[in-house]
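S.K.: my questions are about this predicted structure, shown below with the sequence.
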Amino acid sequence: MTIREYQEEILRLKREKNACILVHAYQSHDIWEVADYIGDSFGLSQDAAKTDADVVIMCGVRFMAETAKILSPDKRVYLPNPVAGCPMAEQFSLDELKELRAQMPDRTVVAYINTTSELKTACDVCVTSSSAVKIVRAVPNDKILFIPDCQLGAWVQEQVPEKDIALVRGGCPVHLRVTVEDVERARRLHPQAKLLVHPECPPAVTALADYAGSTTGIMAFAEKSEAQEFIIGTENSIVTHLQFACPDKRFYPLSHRCVCHNMAVTTLADVYNCLRGEGGEEIVLPEDVRAGAKRCIDEMLRLG
Ligand code: 13P
Ligand code: SF4
């Protein structure tokens, strides 16, 4: 089958099954073209909560499919390729977090949404890259424990100096591959270009950026900007998507190493097979885990 034939079949099956296809911005462009909604983690969470479809296909990584299930318990939620996980989501175990809480009982625990559902049950509120600053500001406690991404946490701390944010360890192994040397090289090659980065990058890189924000924030900045050239410091799929969105502008990857294999593992064929009932994994969560994690996501949606 050609890409177009796969896409046509997916669109037909989607109507037949009253399915909704949610697509994270890091998915490949052929998957973008069959999406009902494309977005960053925050947008996907909101859309997962709103859809009235019977079936939700979450093209992204496991914690995103879990988020959709947490918010839509009566819908059948599928991850088209069960291998798609986020290594950052598993950097703390539930026991480790409980021990940290016991050591720092006066701190509100703020979890990046890139965490397992089980871990969310022991946190107070979730944040995404696009909501983190706003939510940390709104938390009614000056003392925060932010897990797991120390880079995002440090970026939030800079913008919310009135709060005391404790960071332990952890981060995105993909964005952590980007270096200051990459910035120097890219700027030598493209001196007119604006540098747009994700706050999961090392703070030394984020400090050099013209703009830092979530995947949709980066895309919106590039689309609206008067500038003609951009160096993109996030997963490299965004370079491709931006080049489609703005054919008259030029986009360059900050580093060829900024590739998330977990995001790339889902293919158009996986989406097709999942809709046919011949692949993918239905997300099933124990009710106590779902309800415990929901409290944390609801708090984010309420504050954000
Ligand atoms: P956002 O889409 O929220 O910017 O997150 C980036 C990311 O790494 C998702 O796994
Ligand atoms: Fe996880 Fe990083 Fe991949 Fe996002 S880019 S899914 S945070 S490993």
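M.R.: Ah, there it is. Residues are numbered from 1 along each chain as shown. Ligands and ions are numbered 1, 2, ... in the order given.

S.K.: going forward, measure contacts between C-alpha atoms and count neighbours the same way
M.R.: Fine.

S.K.: wondering if the helix or strand bottoming out on mean pLDDT in the chain reaches ligand 2 at all.
M.R.: In the chain, no helix or strand scores lower on mean pLDDT, DSSP states H and E than helix 41-50, which sits at a mean of 80. No. On the criterion Cα under 6 Å from any ligand atom, helix 41-50 is out of touch with ligand 2, staying 9.4 Å away.

S.K.: centre of the chain to that helix, how far?
M.R.: Its chain's C-alpha centre and that of helix 41-50 lie 11 Å apart, by Cα atoms, centre = their mean, to the nearest Å.

S.K.: over to stretch 103-112?
M.R.: Distance of stretch 103-112 from its chain centroid, counting by Cα atoms, centre = their mean, is 22 Å.

S.K.: please shift the residue numbers so they start at 465 in all later answers.
M.R.: I'll keep to 465 as the first residue from here, and by that count the last item is stretch 567-576.

S.K.: residues contacting it, please?
M.R.: The contact list for stretch 567-576 (Cα atoms under 8 Å, 6 or more residues apart in numbering) reads 565, 584, 587-593, 600, 603, 605, 607-613.

S.K.: that older thread, so is the least confident helix or strand of the chain next to ligand 1?
M.R.: Yes. Applying Cα under 6 Å from any ligand atom, one finds helix 505-514 touching ligand 1 at 505-506.

S.K.: which ones are touching the closest residue in space to Thr515 that isn't next to it in sequence?
M.R.: Nearest residue to Thr515, sequence neighbours excluded (Cα to Cα, 6 or more residues apart in numbering): Cys484, at 7.5 Å. By Cα under 8 Å, 6+ apart, Cys484 lies in contact with 478, 499-500, 515, 517-521.

S.K.: closest to Asn726 among those residues?
M.R.: Nearest to Asn726 among the contacts of Cys484: Ile521, at 16.4 Å, using Cα to Cα.

S.K.: return the residues in contact with the closest one.
M.R.: By Cα under 8 Å, 6+ apart, the neighbours of Ile521 are 483-486, 529, 541-544, 735.

S.K.: so it sits in a strand?
M.R.: Yes. Secondary structure assignment (DSSP: H, G, I helix; E, B strand; the rest coil) places Ile521 inside a strand.

S.K.: what about it, distance to Phe694?
M.R.: 32 Å (Cα to Cα, to the nearest Å).

S.K.: where does the stretch 665-768 of the chain come near ligand 1, residue by residue?
M.R.: Contact residues, the stretch 665-768 of the chain versus ligand 1 (Cα under 6 Å from any ligand atom): 678-679.

S.K.: check what pLDDT whatever residue of the stretch 665-768 of the chain ends up closest to ligand 1 gets.
M.R.: For the stretch 665-768 of the chain, the residue closest to ligand 1 is Ser678, as judged by Cα to the nearest ligand atom, at 3.5 Å. Here the pLDDT value assigned to Ser678 is 94.

S.K.: how close does it get to Ser509?
M.R.: Distance of Ser678 to Ser509, given as Cα to Cα: 14 Å.

S.K.: Tyr490 now?
M.R.: Distance of Tyr490 to Ser509, computed by Cα to Cα: 15 Å.

S.K.: please say which of the two ends up with more neighbours.
M.R.: Set Tyr490 next to Ser509 and count neighbours by other Cα atoms under 10 Å: Tyr490 wins out with 27 against 24.

S.K.: how much space separates the more buried one from ligand 2?
M.R.: 8 Å (Cα to the nearest ligand atom, to the nearest Å).

S.K.: ok so, going back, could you tell me which of the contacts of Ile521 belong to strands?
M.R.: 483-486, 541-543 (DSSP state E).

S.K.: now, which of those residues sits nearest Phe708?
M.R.: For these, the nearest to Phe708 is Leu486 (19.5 Å; Cα to Cα).

S.K.: returning to that earlier point: can I get the contacts of Ile521 in a markdown table including pLDDT and distance to ligand 2?
M.R.: Putting the contacts of Ile521 into a markdown table (pLDDT from 0 to 100; distance: Cα to the nearest ligand atom, whole Å) gives the following:
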| residue | pLDDT | distance to ligand 2 |
| --- | --- | --- |
| Ala483 | 96 | 23 |
| Cys484 | 94 | 21 |
| Ile485 | 96 | 18 |
| Leu486 | 96 | 15 |
| Ala529 | 95 | 12 |
| Val541 | 95 | 18 |
| Tyr542 | 97 | 17 |
| Leu543 | 98 | 14 |
| Pro544 | 98 | 15 |
| Val735 | 98 | 18 |
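
S.K.: now Asp674: closest residue in space that isn't a chain neighbour?
M.R.: Distances taken as Cα to Cα, 6+ apart put Leu659 closest to Asp674, at 5.2 Å, once the chain neighbours are dropped.
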